[in-house]
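# Next comes the sequence, and after it the predicted model I'd like to discuss.
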Amino acid sequence: MADTQQPFPLLGAVRPGQAALGSKAATLNELSAVGFRVPPGFIVTAEAFDRPGRILADALQDAADRIGPGPFAVRSSATAEDLPDASYAGLYETFLNIPRDDLEDATRRCLASAANPRVVAYESARGASGQEQPAAPAMAVLIQQMVQPLAAGVAFTANPLTGDRDETIVTAVHGLGEPLVAGDAVGEQWTVRDQDAVPTRNAGTLTPAQAREVAGLARSVAAHAGVPQDIEWAIDTDGVLFLLQARPMTALPEAVDWVVPGKGLWSRNFRLGEWLPDPMTPLFEDWVLPRIESGYLDGMQGDARVRVPFRYASVNGWYYNAPPVPSPRLLGRVILDSRGRAPWFLFNALLRVSTNPAAAHRAVLHGLELKWRNHLLPEYRQLVRNAEREVDSASPARLVELVDAVCNQAGIYLWSLSIVGGSAWKMESALARFWQKHLAGPLHRTAAGVTGHQALLRGLPGTAPAEVSHAVYSLDWYHPTAGESLLSHKGADQLPATGKAEGLSAQRADAEAAARQALKDQPRLLARFNALLEVAQHYAALREEQSHDLSLAWPLLRRCARRLGEHLVATGLIEDPADVHFLNLNEVTGRSAGTRPPVASRRDTWQRQRNLAAPLTLGETGRFIGDPIARAVDAARSSHDLPEGAIVGHPASTGRITGIVRVMHGPEDFDSFLEGEVLVAKSTAPAWTPLFALAAAIITDGGTLAAHASLVAREFGIPAVVGTGDATLQLRTGQRVTVDGGAGIVIPTGRGNSGSPKW
């Protein structure tokens with residue numbers, strides 16, 4: 001036994017430096033020496049195991065007597081563990097609550113885990129597979145007095161998703177922390193900035209003061225180390241905080257700023273943003289997006305006789321848009337360019353639709369619907385059919401022309417969807433206000449047991465979801481369409497059953513009858529209600545009908561992209577046809593001379609951007625205009641009682657259930673979804689529809705009251721909360737939550753799947 005290196009004595013031959021102690025033990029030894037509260041312990045070096053068995057057993061007993069009565073934690077400390085470029089987390093064995101008499105066996109098993117196949121596999125994945133591997137990587141064993149924690153967890157001194165070095169993320173569970181470290185439990189989460197501690201998930205384990213104390217400990221370790229740290233900690237039953245482990249954070253992204261692109265309020269949750277649940281790939285952003293936006297203005301020109309650019313921008317790869325900045329000069333140009341038509345048109349389509357929807361329908365919207373049905377949709381279909389005949393034989397230059405033409409037409413279609421189908425949420429807002437003012441009191445709950453105005457929008461004829469091959473998960477053409485994906489047909493035979501659809505229709509009919517009965521002695525109000533109900537129901541169905549065919553051209557566009565990619569592979573510019581999505585337009589067309597494009601670097605950047613928690617909005621609303629979406633959400637919310645710790649979104653589809661979460665990132669996850677689970681996704685475009693038949697409820701980061709998730713959830717009669725911002729980051733698969741679709745809130749009620757308690 002050598003006591004020369006306090007505070008962790010060594011058992012075995014002393015060799016200076018980390019190679020003898022292993023990374024974990026060396027780090028804790030150093031931190032303990034400078035004053036951090038680390039549970040007392042000692043280090044068994046690999047050389048100690050060369051001793052005869054009885055001598056080693058006696059030495060372990062003597063060393064254990066010096067650090068406490070036990071039980072003990074027996075922990076690996078490998079030379080390659082907890083390094084800045086590799087953590088080896090969870091690959092070696094750890095044994096907890098080991099009694100004094102079992103120390104030798106646990107220590108030998110811990111040391112033997114250095115040769116586990118999973119360790120070799122990890123090293124191979126890091127690029128070491130071509131190198132000769134040692135029979136057993138150098139490793140020591142750290143033995144410590146067990147802390148019996150009241151709470152335990154981890155803390156990161158930089159936000160691991162955004163890279164923000166000013167935020168410390170503290171995660172905690174009751175008792176031992178190993179289920180959290182192993183990913184078997186979700187736990188609660190706090191974000192600490194300076195001395196401001198905010199619970200962001202499952203509050204109840206720590207007090208704000210304890211969260212700040214843990215964050216302070218983590219930041220002190222980072223200040224000592226000079227780099228951001230990932231620590232493990234525990235608070236014992238006396239309230240004493242211990243440091244259990246510290247290592248440099250690995251794969252930490254560079255910090256990003258969410259800079260407002262211009263004046264006013266910018267949203268990633270509206271117009272095209274609803275269809276882009278991820279950051280944009282370079283070619284989509286540089287080519288397809290501008291063509292769609294240009295077509296959008298062409299559609300506006302055709303209907304309003306004016307082009308008023310709706311601003312859009314890419315912020316860290318994410319799409320944001322904002323309305324034009326009003327000014328006398330803009331108003332004058334709108335009046336002059338449109339010869340007086342635009343103000344009347346925009347008044348009906350943007351303002352009157354929220355106050356007198358029936359009048360807006362008669363004045364403008366009905367004519368636009370007929371134009372869509374009789375002209376725009378048939379023209380779009382014909383253009384796609386004609387282009388499909390050319391794709392396989394088209395030259396690269398002709399492929400570019402086809403993409404330009406089709407994307408422009410898709411933009412015109414998007415304008416129609418925005419102005420016609422997009423009226424649905426404005427009309428629903430008007431219906432919600434009418435309900436709150438005139439019907440909420442007498443009809444707190446309908447005969448069918450459904451609360452709120454949304455009972456009037458369920459089971460509408462003509463809105464049964466249809467699975468189509470051109471349905472998309474994202475409008476970014478990097479992603480496959482439903483027709484391409486082998487997973488796209490899961491649940492296709494489980495669209496709303498006739499009996500369920502009839503039940504929803506009956507609920508709606510009961511709610512309508514109850515409302516009319518409540519208004520029967522007020523004929524003017526009854527007439528207003530009937531007119532408002534008719535248009536609100538019509539446009540709710542129309543919006544979903546229109547949205548089905550926005551992506552008509554996407555199978556064609558995907559074929560064009562692949563053909564262009566194959567051509568560029570043949571020229572040697574890229575190695576794989578899919579790499580075309582990480583080029584810009586000049587590189588595709590050959591107008592960009594120079595070195596080979598950095599495809600791998602751009603792909604890595606895009607993958608990092610996918611992990612960012614992109615804010616739903618940037619900037620602020622105008623002083624006098626305000627946020628019409630926020631007003632509509634407020635009117636639709638059945639309750640404004642928002643419990644602490646609840647995730648707040650838009651009340652998309654009424655109902656309340658408690659169920660188990662499954663976070664879904666895309667079609668590659670579809671086969672994992674189980675009937676009765678709560679579907680949590682960034683957003684849900686039409687290609688997600690088959691899963692609605694299986695889900696107990698829907699939660700999305702993006703979306704609005706008139707989003708796909710909102711409308712289809714009503715057809716299936718399941719609760720939905722959309723526009724939460726970051727539910728996919730706050731919730732974990734296996735976690736139990738209560739979804740209140742009427743109030744627009746999600747209440748975490750339990751942790752994720754729990755494993756056996758470990759430290």
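Received it, and whenever you're ready, just let me know what you need. Residues are numbered from 1 along each chain as shown.

# Could you identify the helix or strand that succeeds the helix or strand of the chain with the lowest mean pLDDT?
Averaged element by element with mean pLDDT, DSSP states H and E, the chain has its least confident helix or strand at helix 117-123 (a mean of 51). Proceeding N to C from helix 117-123, the next assigned helix or strand is strand 139-145, under DSSP states H and E.

# His650 contacts Ile745, correct?
No - His650 is beyond contact range of Ile745, at 10.2 Å (criterion: CB atoms under 8 Å). C-beta coordinates here come from the backbone N, C-alpha and C atoms, glycine included.

# what's the overlap in contacts for these two?
Shared contacts of His650 and Ile745 (CB atoms under 8 Å, 6 or more residues apart in numbering): Val721.

# more neighbours, those two?
Per other CB atoms under 10 Å, whichever of His650 and Ile745 has more neighbours is His650, with 29 against 22.

# The more buried one - nearest residue in space that isn't next to it in sequence?
Spatial nearest neighbour of His650, excluding adjacent residues (CB to CB, 6 or more residues apart in numbering): Gly723 at 4.0 Å.

# confidence score at that neighbour?
Gly723 carries a pLDDT value of 88.

# now the helices for the stretch 51-200 of the chain?
53-67, 103-112, 117-123, 178-181 (DSSP state H, counting those that start in this stretch).

# Tell me, how many residues neighbour Ser423?
Neighbours of Ser423 (other CB under 10 Å): 30.

# Does it touch Pro357 like I think?
Yes - counting by CB under 8 Å, Pro357 is a contact partner of Ser423 at 7.3 Å.

# any common contacting residues for those two?
Counting by CB under 8 Å, 6+ apart, the residues touching both Ser423 and Pro357 are Tyr539.

# Okay, the residue nearest to His650 and Gln735: tell me how far apart.
Distance of Gly723 to Gln735, computed by CB to CB, to the nearest Å: 20 Å.

# Quick check: which element contains Ala313?
Using DSSP H and E, the element containing Ala313 is strand 311-315.

# Residue ranges in the stretch 501-650 of the chain under the pLDDT threshold?
Along the stretch 501-650 of the chain, the model assigns pLDDT under 70 to residues 501, 593-594, 622-632, 634-636, 638.

# Now do the strands in it.
Along the stretch 501-650 of the chain, counting by DSSP state E, counting those that start in this stretch, strands occupy 617-619, 647-648, 650-653.

# again with the stretch 101-250 of the chain
For the stretch 101-250 of the chain, the strands defined by DSSP E, counting those that start in this stretch occupy 139-145, 149-156, 168-174, 188-193, 196-201, 229-236, 241-248.

# Any idea which of those gets closest to Asn348?
Proximity to Asn348 (CB to CB) singles out strand 196-201 among the strands of the stretch 101-250 of the chain, at 42.4 Å.

# Alpha carbons of the closest one, as CSV, please.
Output of strand 196-201 as CSV, limited to C-alpha atoms (Å, rounded to 0.1, in the frame of the first residue of the first chain):
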residue,chain,number,x,y,z
ASP,A,196,-31.4,31.8,-13.0
ALA,A,197,-32.5,28.2,-12.7
VAL,A,198,-35.5,27.2,-14.9
PRO,A,199,-37.0,23.7,-14.8
THR,A,200,-37.5,22.6,-18.4
ARG,A,201,-38.7,19.0,-17.8
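
# Show me what counts as buried in the strand holding Ala313.
311-312, 314-315 (16 or more other CB atoms under 10 Å).

# Tell me which strands it pairs with, and in which orientation.
strand 318-322 (antiparallel) (DSSP bridges).

# quick one: the partner strand to chain centroid distance?
From the chain centre to the centre of strand 318-322 is a distance of 17 Å (CA atoms, centre = their mean, to the nearest Å).

# Could you do stretch 354-362 as well?
36 Å.

# thinking again about what came up before, in terms of neighbours, single out the busier of Gly723 and Gln735.
Gly723 (28 against 25).

# so what's the more buried one up against?
Gly723 is in contact with 269, 616, 633, 649-650, 652, 700-704, 707, counting by CB under 8 Å, 6+ apart.

# repeat that for 10 Å
The contact partners of Gly723, by CB atoms under 10 Å, 6 or more residues apart in numbering, come to 267, 269-270, 274, 616, 629, 633, 648-652, 683, 700-705, 707, 709-710, 744.

# From Leu642, how far off is it?
14 Å.

# Check the contacts of Gly723 for burial and list the buried ones.
Looks like those have 267, 269-270, 274, 616, 629, 633, 648-652, 683, 700-705, 707, 709-710, 744 buried, using 16+ other CB under 10 Å.

# Packing partners of the lengthiest helix in the chain?
If you go by DSSP state H, the chain has its longest helix at helix 523-548. With contacts taken as 3 or more CB pairs under 10 Å, 6 or more residues apart in numbering; DSSP states H and E, helix 523-548 sits against helix 357-360, helix 366-371, helix 396-416, helix 423-434, helix 498-518, helix 708-716.

# Report the rounded mean pLDDT for the third one.
It stands for helix 396-416. Per-residue scores along helix 396-416 average to 97.

# Report all helices and strands that that helix contacts.
Going by 3+ CB pairs under 10 Å, 6+ apart, helix 396-416 lies up against helix 289-304, helix 366-371, helix 377-388, helix 523-548, helix 554-571, helix 585-589.

# on that earlier part again, next, format the strands of the stretch 101-250 of the chain as TSV and append distance to Leu351, mean pLDDT and mean neighbour count.
Output for those, formatted as TSV (distance: least, CB to CB, whole Å; pLDDT from 0 to 100; neighbours: other CB atoms under 10 Å):
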stretch	distance to Leu351	mean pLDDT	mean neighbour count
strand 139-145	68	92	26
strand 149-156	47	94	24
strand 168-174	43	93	25
strand 188-193	39	91	21
strand 196-201	37	83	16
strand 229-236	52	96	23
strand 241-248	56	96	21
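
# could those go into JSON lines alongside distance to Phe49?
Below are these laid out as JSON lines (distance: least, CB to CB, whole Å):
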{"stretch": "strand 139-145", "distance to Phe49": "9"}
{"stretch": "strand 149-156", "distance to Phe49": "30"}
{"stretch": "strand 168-174", "distance to Phe49": "34"}
{"stretch": "strand 188-193", "distance to Phe49": "41"}
{"stretch": "strand 196-201", "distance to Phe49": "43"}
{"stretch": "strand 229-236", "distance to Phe49": "26"}
{"stretch": "strand 241-248", "distance to Phe49": "23"}
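
# Out of the helices and strands packed on helix 523-548, which is the most enclosed?
helix 708-716 (a mean of 27; mean count of other CB atoms under 10 Å).

# The helix or strand following that one pairs with which strands?
Downstream of helix 708-716, the next assigned helix or strand under DSSP H and E is strand 720-722. Here strand 720-722 has these sheet partners by DSSP bridges: strand 650-653 (antiparallel), strand 697-700 (parallel).

# Can you say which of those is nearest to Arg433?
Taking CB to CB, strand 650-653 is the member of the strands paired with strand 720-722 nearest to Arg433, at 13.8 Å.

# Tell me how far the closest one lies from the chain's centre.
18 Å.

# Can I get it in CSV? Just the C-alpha atoms.
Provided in CSV are the C-alpha atoms of strand 650-653 (Å, rounded to 0.1, in the frame of the first residue of the first chain):
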residue,chain,number,x,y,z
HIS,A,650,-51.5,25.2,-29.4
PRO,A,651,-54.8,23.4,-28.5
ALA,A,652,-55.1,21.5,-31.8
SER,A,653,-57.6,18.7,-31.0
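
# how about the helices of the stretch 651-759 of the chain, start to end?
689-692, 708-716, 727-730.

# quick one: average pLDDT of the longest one?
In this case it means helix 708-716. The average pLDDT within helix 708-716 is 78.

# Summarise which helices and strands it is packed against.
By 3+ CB pairs under 10 Å, 6+ apart, helix 708-716 packs against helix 423-434, helix 498-518, helix 523-548, strand 650-653, strand 678-681, helix 689-692, strand 697-700, strand 720-722.

# need those in a markdown table with distance to Arg305, can you?
Formatted as a markdown table, the helices and strands packed on helix 708-716 follow (distance: least, CB to CB, whole Å):
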| stretch | distance to Arg305 |
| --- | --- |
| helix 423-434 | 20 |
| helix 498-518 | 39 |
| helix 523-548 | 22 |
| strand 650-653 | 34 |
| strand 678-681 | 39 |
| helix 689-692 | 37 |
| strand 697-700 | 36 |
| strand 720-722 | 34 |
